[in-house]
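[1] attaching a predicted model along with its sequence, questions to come.
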Amino acid sequence: QVQLVESGGGLVQAGASLRLSCSASGFPFSNYNMGWFRRAPGKEREFVAGVGRDAVGRAYAEAVEGRFTISRDNGKNMVYLQMTSVKPEDTAVYYCAARGAGYGPNAAAYDFWGQGTQVTVSS
């Protein structure tokens, strides 16, 4: 059974740092590219960051470039999103997702999704 379980969300003040984690099971994690997406209240789901199988190739949305870092640990079946200098507009439910080919922003290309973790940034 495929499972992606996010954790690490919470309420933080603007300018703080936060690290989200995603634990994967039920599929060959090291064969999949991983991504983080988010959905803010009243908005469409949007791509945040993606990382290739080898943890070398990465992609970021312009809104988070330079502030967020995606990483993965294939030995632990984990993917992370380190968030720094967070802003109120980063408030959203954050989801991790897995896909077989590529790690870009096309949500429809992702095969597996987690349930999400809420991040709220106060001003």
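    All right, it came through fine.

[2] which residue lies farthest from the center of the protein?
    Most distant from the centre of the chain: residue 123, at 22.4 Å, with distances by C-alpha atoms, centre = their mean.

[3] do you know how far residue 23 is from residue 118?
    Counting by C-beta to C-beta, to the nearest Å, the separation of residue 23 from residue 118 is 17 Å. Where C-beta positions appear, they are placed from N, C-alpha and C, glycine not excepted.

[4] more neighbours: those two, which one.
    Between residue 23 and residue 118, counting by other C-beta atoms under 10 Å, residue 23 is the more crowded of the two (16 against 12).

[5] tell me the helix or strand right after the helix or strand encompassing the more buried one.
    According to DSSP states H and E, residue 23 maps onto strand 18-25. Later in the chain than strand 18-25, the nearest helix or strand by DSSP H and E is strand 33-39.

[6] what's next to that next one, contact-wise?
    20, 22, 24, 45-53, 70, 72, 79, 81, 90, 92-103, 107, 110, 116, 119 (C-beta atoms under 8 Å, 6 or more residues apart in numbering).

[7] centroid residue for this protein?
    residue 36 (2.3 Å).

[8] and it, how far is that from residue 123?
    The value you get for residue 36 to residue 123, if C-beta to C-beta is used, is 23 Å.

[9] repeat for residue 57
    Counting by C-beta to C-beta - residue 57 and residue 123 are separated by 34 Å.
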